[in-house]
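K.L.:
Build me a model:
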Amino acid sequence: MSFLPDTALQDLKDLLGPKGFSMESDVLAAHNAEARGKFEGHAEIILFPASTDEVAKAVAICAAHNIAVVPQGGNTGRCGGAVADDKQVLINLKRMNRVIEIDARDFTATVEAGAILQNIQEAAEEQDLLFPLSLGAEGTCQIGGNLATNAGGLNVIRYGNARDLCLGLEVVLPDGSVWNGLSKLRKDNTGYDLRDLFIGAEGTLGIITKATLKLFGQPKHVATAWVAVPTPECALDLLALARRHTGDAIAAFELISKFAHDLSVTYLKGLTRPLASKTDWHVLIELTSSRPNDDLETLLVDLLGQAVEIGLASDATLAQSEAQRENLWAIREGIPEAQGFEGGSIKHDVSVPISKVPDLLKRGMAAADALIPGIRPCPFGHVGDGNIHFNFTQPATMDKDRYLAEWQSLNSVIHDIVTELGGSISAEHGIGQLKRDELAHYASIEKLKLLRAIKDAIDPDGRLNPGKIV
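P.N.:
Numbers count the residues shown, from 1 in each chain. Prediction:
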């Protein structure tokens, strides 16, 4: 191994033992593969530390030889943020997967960074508590990666992003030292919030090894409905009505285009159309409550009745069983998979102020069609927090490779509009490699100076996840 001195390699082997590293081609292939296939890793060695101490000592060994390290969680990212090249050491935290403690008095969970998100959810549920971060990859993604990318997901409208769900962190720094910021405190004004430096930093400032998370009361009642709405403007008015009508009971509010809906019910097995009537836009709304005597079904029926009466909705159905609820969510969550059956897809994970979502959709679809005639818009997403997955499927008569060659051109068109509307080019997937140059283009000079100053202050030699974000 040309880039790694024999002494460093032997030190890593002695530190981690036979289970703690691999140079086998099949193991490396699995971790060098990137979820979207847009980037290919070339790491020649991967480390699997089993403790914070092992992470720290491994990073220190690499630092002593000026070797870059790339942290990796569940490898479910969408922006190439956990991809290493052939002169970098990949560090995967999957062996650090313990849920250390569920504290039912403090309403907190203390976990290792490699803990699978779904396992944290289930551990909280066993104590009648809820960890509300929820996303499609929750069965494989790791909480360290969720925090490193400030993941969003389905429940942001009520509970916030990963940043809002974290109280404290333990982090290995670029020189191998450890900052222990694990805390259950809800209030702490003792200087700069160091925790927030590492959340969303994608492993460029430090490697998250443990976290203390916020928990909430486990919902006792859930009411879910699929609603046909005439326009995105009506969807926003329905959201405003729902907020006034239900208080804090809204857990999710998803906007789905007709094309996206039709893809799921056409290509994914076992799914049924929620409504017989056809409309260009749909909303999936879910209410939850931890209060044992709440009647959310009646509340939701009353809300939908008002919506139909004043023209915000043309039809609606309420899930009458868990199977029906699962069908509704499977339609929404299956859209990215279903898109693959219609050819190439160019994707945008963007956010704008909630009130600007209709403008984004109208202007974005018109601009995309002007650039690529016949393009098929497939927008869907968390309209309750302004985050739209503004995807576009290739024209039916266009060659896939020719279409995907337009990725950058279409990105520029959509991101220009997003920026003009006061939005963000990355709502919940991060920057990684995919949007690094675009961040440099769209961010203000002042922001870029601050980002680089922080990177230079904490990682002056640029050894942690180089080439990502800045």
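K.L.:
if I look at S2, how far off is A225?
P.N.:
60 Å (Cβ to Cβ, to the nearest Å). C-beta coordinates here come from the backbone N, C-alpha and C atoms, glycine included.
K.L.:
higher neighbour count, these two?
P.N.:
Of the pair S2 and A225, A225 is the one with more neighbours under other Cβ atoms under 10 Å, namely 23 against 7.
K.L.:
Quick check: beta-bridge partners of the more buried one?
P.N.:
Per DSSP bridges, the residues bridged to A225 are I285, L318.
K.L.:
was I right about it contacting Q320?
P.N.:
No - counting by Cβ atoms under 8 Å, Q320 is not a contact partner of A225; they are 10.6 Å apart.
K.L.:
Show me what the closest residue in space to F21 that isn't next to it in sequence is bridged to.
P.N.:
In this structure, F21 finds its nearest non-sequential neighbour in L47, 5.1 Å apart by Cβ to Cβ, 6 or more residues apart in numbering. Counting by DSSP bridges, L47 is bridged to F21, I91.
K.L.:
contacting residues for L47?
P.N.:
Residues in contact with L47, defined by Cβ atoms under 8 Å, 6 or more residues apart in numbering, are 12, 16, 20-21, 58, 89-92.
K.L.:
I'd like to know which of the residues you listed are buried.
P.N.:
12, 16, 20-21, 58, 89-92 (16 or more other Cβ atoms under 10 Å).
K.L.:
any chance of those in CSV, plus pLDDT?
P.N.:
Listed next are the buried ones among the contacts of L47 as CSV, based on pLDDT from 0 to 100:
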residue, pLDDT
L12, 97
L16, 98
G20, 98
F21, 96
A58, 98
V89, 98
L90, 98
I91, 98
N92, 98
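K.L.:
now, which of these sits nearest K210?
P.N.:
Set against K210, the nearest of the buried ones among the contacts of L47 by Cβ to Cβ is I91 (15.1 Å).
K.L.:
Dihedrals phi and psi, the closest residue to N146 other than its chain neighbours?
P.N.:
Spatial nearest neighbour of N146, excluding adjacent residues (Cβ to Cβ, 6+ apart): A162 at 5.0 Å. In terms of degrees, to the nearest 10, the main-chain angles of A162 are phi -60, psi -40.
K.L.:
swap in K13?
P.N.:
Torsion angles, degrees, to the nearest 10, at K13: phi -60, psi -40.
K.L.:
S22 is in contact with that one, correct?
P.N.:
No - contact criterion Cβ under 8 Å: K13 and S22 do not qualify, at 10.9 Å.
K.L.:
ok, those two, which is more surrounded?
P.N.:
Comparing K13 with S22 by other Cβ under 10 Å, the one with more neighbours is S22, at 19 against 15.
K.L.:
how near is the residue nearest to that one when sequence neighbours are not counted to N146?
P.N.:
Distance criterion Cβ to Cβ, 6+ apart; nearest residue to S22, sequence neighbours excluded, is I46 at 5.4 Å. Separation of I46 from N146 (Cβ to Cβ) stands at 20 Å.
K.L.:
more crowded one of the two?
P.N.:
Comparing I46 with N146 by neighbour count (other Cβ under 10 Å), the higher total belongs to N146, at 31 against 23.
K.L.:
how about the more buried one, what does it touch?
P.N.:
Going by Cβ under 8 Å, 6+ apart, the list of residues near N146 reads 73, 117, 133, 135, 162.
K.L.:
measure the second one to I207 for me?
P.N.:
When Cβ to Cβ is applied, the distance between L117 and I207 equals 18 Å.
K.L.:
The third one too?
P.N.:
Going from L133 to I207 by Cβ to Cβ gives 20 Å.
K.L.:
what does the first one give?
P.N.:
Computed with Cβ to Cβ, the distance linking G73 and I207 is 10 Å.
K.L.:
Repeat that for P71.
P.N.:
Taking Cβ to Cβ, one finds P71 at 5 Å from I207.
K.L.:
what sits in contact with each of these two?
P.N.:
Residues touching both P71 and I207 (Cβ under 8 Å, 6+ apart) are 91, 93, 144, 464.
K.L.:
What residues of stretch 155-162 count as buried?
P.N.:
Buried, per 16+ other Cβ under 10 Å, within stretch 155-162: 155-162.
K.L.:
will you turn these into TSV that also has pLDDT, secondary structure and distance to A252?
P.N.:
Output for the buried residues of stretch 155-162, formatted as TSV (pLDDT from 0 to 100; DSSP: H, G, I helix; E, B strand; the rest coil; distance: Cβ to Cβ, whole Å):
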residue	pLDDT	secondary structure	distance to A252
N155	93	coil	6
V156	95	helix	9
I157	94	helix	7
R158	94	helix	8
Y159	96	helix	10
G160	95	coil	13
N161	96	coil	14
A162	97	helix	16
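K.L.:
ok, so of those residues, who is nearest I67?
P.N.:
Distances from I67 to the buried residues of stretch 155-162, taken by Cβ to Cβ, are shortest for A162, at 29.1 Å.
K.L.:
quick one, what contacts the closest one?
P.N.:
Counting by Cβ under 8 Å, 6+ apart, A162 has contacts 133, 146-147, 149-152, 199.
K.L.:
Likewise for T212?
P.N.:
108-110, 166-169, 182-184.
K.L.:
next one: W226
P.N.:
W226 is in contact with 274-275, 282-284, 316-317, 319, 328, 331, counting by Cβ under 8 Å, 6+ apart.
K.L.:
distance of the nearest residue to N155 once chain neighbours are set aside from N146?
P.N.:
Leaving aside its chain neighbours, N155 sits nearest to P132 (4.6 Å; criterion: Cβ to Cβ, 6+ apart). Using Cβ to Cβ, we find P132 at a distance of 12 Å from N146.
K.L.:
for S183, same thing?
P.N.:
S183 is 19 Å from N146, where distance means Cβ to Cβ.
K.L.:
what about the strands in the stretch 51-200 of the chain?
P.N.:
68-72, 88-92, 99-103, 108-112, 129-130, 166-172, 178-181 (DSSP state E, counting those that start in this stretch).
K.L.:
meant to ask about the stretch 301-450 of the chain
P.N.:
315-318, 345-346, 349-351, 376-382, 387-393.
K.L.:
if we can go back for a sec, would you turn the shared contacts of P71 and I207 into TSV with distance to A338?
P.N.:
Listed next are those as TSV, based on distance: Cβ to Cβ, whole Å:
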residue	distance to A338
I91	35
L93	32
G144	30
L464	37
